[in-house]
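Engineer: pasting the structure only:
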């Protein structure tokens, strides 16, 4: 399954709840304010790192760049553009949008 | 919403006559916008318009008149950085009229 | 206050704007910025605090070309010309996000939560976004 998260992990527990409920082999795509979860050296990054073994993480690059996070994204997170977003929704049979 | 034409180019303007798309601005358009405000463009007018557009480019905002006056004084000298001088060029409000002619949005904090 | 005071604009209050929201995801950050700019015309004693996700508003290098929204981060650099010079940033909020003062696009004073608490206690008016 593909999960999308669009809320800042510092303001809502959406991201944390998502990775807690994402099954092995699933993907999490960070979009809008959700991309703040991709920041390296934050209080959230260790949680994401721990989940990396089971889950593949993506972040929407236009949202990353808009927020000035280029170069601040932790290693192991795949950046995708809008076409990549579409590819992910096609690749996975279902999408769970965490709001 | 309407349109205006100058120099063979037709562009969209809002109900108050401001350009809808800032990138539509040309010097021909500016002259036409000035006409609609009964302003005849001189070098002194262009100097202010160019200053405003540079300011907008840098800060992404059209300055309030108080800020414009101060900034022009700094850049072009105190004889130009006062409201008397700017009101002579743009009698119906320097920030408002100059922004319109410069193709910028209506200034924030414009009272 | 007397009419005279009103006429001379002699009443000056301490205003503090507290920014707690990231830009772009919601409209709060932009609205707060506009309120600060408009409010500057009234020549009050203004402080602006960036804390929690509000620190993201002034992160350097924002490029919104890909999301079709206006990048309003350069406007924070115009605040000084509006005589809004007291900008404070929460030390803890920066650290939680792996950020430092060098990542910010305006000159600010970094304050601890305790210092921000004291600052808030001094204010006449607090507006949080």
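Structural biologist: All right, it came through fine. Source: prediction; values computed, not measured.
Engineer: what residue is smack in the middle of the chain?
Structural biologist: If you meant another chain, say so; for now it's chain A. With distances taken as CA atoms, centre = their mean, residue A:30 lies nearest the centre of chain A, 2.9 Å away.
Engineer: oops, wrong one, chain C.
Structural biologist: residue C:48 (3.3 Å).
Engineer: looks to me like it is in a strand.
Structural biologist: Yes: per DSSP: H, G, I helix; E, B strand; the rest coil, residue C:48 lies within a strand segment.
Engineer: from the chain's centroid, how far away is stretch C:78-96?
Structural biologist: 6 Å (CA atoms, centre = their mean, to the nearest Å).
Engineer: first vs last residue of it, how far apart are they?
Structural biologist: Criterion CA to CA, to the nearest Å; first-to-last residue distance in stretch C:78-96 is 27 Å.
Engineer: how close does the most centrally placed residue in chain B get to residue B:50?
Structural biologist: With distances taken as CA atoms, centre = their mean, residue B:98 lies nearest the centre of chain B, 2.3 Å away. Plainly put, residue B:98 is 10 Å away from residue B:50 if you go by CB to CB, to the nearest Å. C-beta here means a position set from N, CA and C on the backbone, and glycine is covered the same way.
Engineer: how about the secondary structure of the nearest residue in space to residue B:81 that is not next to it in sequence?
Structural biologist: Take residue B:81 and drop its neighbours on the chain: the residue closest to it by CB to CB, 6 or more residues apart in numbering or on different chains is residue B:73, 2.0 Å away. Of the three states, residue B:73 takes helix according to three-state DSSP.
Engineer: am I right that residue B:73 is in contact with residue B:83?
Structural biologist: No: using CB atoms under 8 Å, residue B:73 is not in contact with residue B:83, being 10.5 Å away.
Engineer: find residues that contact each of the two.
Structural biologist: Residues touching both residue B:73 and residue B:83 (CB atoms under 8 Å, 6 or more residues apart in numbering or on different chains): none.
Engineer: where in chain B is pLDDT low?
Structural biologist: Chain B contains residues with pLDDT under 70 at B:108-111.
Engineer: got the residues of it near chain A?
Structural biologist: Residues of chain B lying near chain A by CB under 8 Å from any CB of the partner chain: none.
Engineer: can you give me the helices in chain C?
Structural biologist: Along chain C, counting by DSSP state H, helices occupy C:3-8, C:28-39, C:91-96, C:113-121.
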